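Peer 1: only geometry, no sequence info:
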């Protein structure tokens, strides 16, 4: 199983930089760096990451602790 930071790194690569991913999410570059280094990501940023990566990074990749099936079916 991959870690959240691996998927954040993938999102950074797709977006081109930490700053570009930060702009897509409406956060600062240091916030993206925090995620990259193991800081917990608030679920409110996940839709922006999915959109910025054109679905190449999934919600389940970033926050496997959330029961996404329940959220999607509610």
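Peer 2: Arrived safely. Just so it is clear, the model here is predicted, and its values are computed rather than measured.
Peer 1: okay, CA-based contacts and neighbour counts for the rest of this
Peer 2: Will do.
Peer 1: for the chain, which segments count as helices?
Peer 2: In the chain, the segments counted as helices under DSSP state H are 4-15, 18-25, 29-36, 46-52, 59-62, 68-72.
Peer 1: what helices and strands are in contact with the fifth one?
Peer 2: Using 3 or more Cα pairs under 8 Å, 6 or more residues apart in numbering; DSSP states H and E as the contact criterion, the secondary-structure elements in contact with helix 59-62 are helix 4-15, helix 46-52.
Peer 1: and the first one with helix 18-25, angle?
Peer 2: Note on geometry: by axes from the mean of the first three to the mean of the last three Cα atoms, to 10 degrees, helix 4-15 and helix 18-25 are set 90 degrees apart in direction.
Peer 1: so, low pLDDT: which residues of the chain?
Peer 2: 1 (pLDDT under 70).
Peer 1: one more time with 80, if that's ok
Peer 2: Residue ranges of the chain with pLDDT under 80: 1-2.
Peer 1: can you get me a residue count around residue 62?
Peer 2: Using other Cα atoms under 10 Å, residue 62 has 24 neighbouring residues.
Peer 1: so how far is residue 18 from it?
Peer 2: 16 Å (Cα to Cα, to the nearest Å).
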